[in-house]
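Chemist: Structure for this input, please:
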Amino acid sequence: KSGRAYGLRSMKVASKAVLATDRLAANIKRSAQTNESEDASERENSMASQKIDAVGEHIEKLETLLRARDMQILELTEQQHLTDLRIKQIQSAHVFNAKQFERL
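Modeler: As a prediction, this is how the structure comes out:
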């Protein structure tokens, strides 16, 4: 009888050892999956960071282009103002010449 009890106890211990081993294996598997997920998340974060940096650089380039365009607009506005002044001078000279011609 004692041999049988010993055998039952051994089977219970072995069964508990198997369950503990299964739980340990499941925990290791979960841990590995978590690590893979964290690695994937880190890769995604790195890629997102690179994209953000690229967008920032693109914005800087666009701002530079906008400043250059604004300078061109200012130059063209100044040229237009000078052209308008010249037109007024020519019109004034034409009126003056017309009056001089009438006096003749």
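
Chemist: and residue 89, how far is that from residue 96?
Modeler: 10 Å (Cβ to Cβ, to the nearest Å). Backbone N, C-alpha and C define where each C-beta goes, glycine included.

Chemist: Residue 11 now?
Modeler: With Cβ to Cβ as the criterion, residue 11 and residue 96 are 125 Å apart.

Chemist: do the same with residue 73
Modeler: Relative to residue 96, and taking Cβ to Cβ, residue 73 is found at 35 Å.

Chemist: can you check residue 42 too?
Modeler: 81 Å.

Chemist: what does residue 67 give?
Modeler: 44 Å.

Chemist: Now do the helices in this protein.
Modeler: Using DSSP state H, the helices found in the chain span residues 2-103.

Chemist: tell me the centre residue of this structure?
Modeler: Nearest to the mean C-alpha position of the chain, by Cα atoms, centre = their mean, lies residue 52 at 2.5 Å.

Chemist: measure that residue to residue 38 for me?
Modeler: Residue 52 is 21 Å from residue 38, by Cβ to Cβ.

Chemist: Next: residue 15.
Modeler: Taken as Cβ to Cβ, the span from residue 15 to residue 38 is 35 Å.

Chemist: And residue 12, by the same measure?
Modeler: 38 Å.

Chemist: do residue 104 as well
Modeler: 98 Å.

Chemist: out of these two, which sits in the busier spot?
Modeler: Per other Cβ atoms under 10 Å, whichever of residue 104 and residue 38 has more neighbours is residue 38, with 10 against 4.

Chemist: That one and residue 18: what is the separation?
Modeler: In terms of Cβ to Cβ, residue 38 sits 30 Å off from residue 18.

Chemist: swap in residue 27?
Modeler: 15 Å.

Chemist: Residue 32 now?
Modeler: In terms of Cβ to Cβ, residue 32 sits 21 Å off from residue 18.
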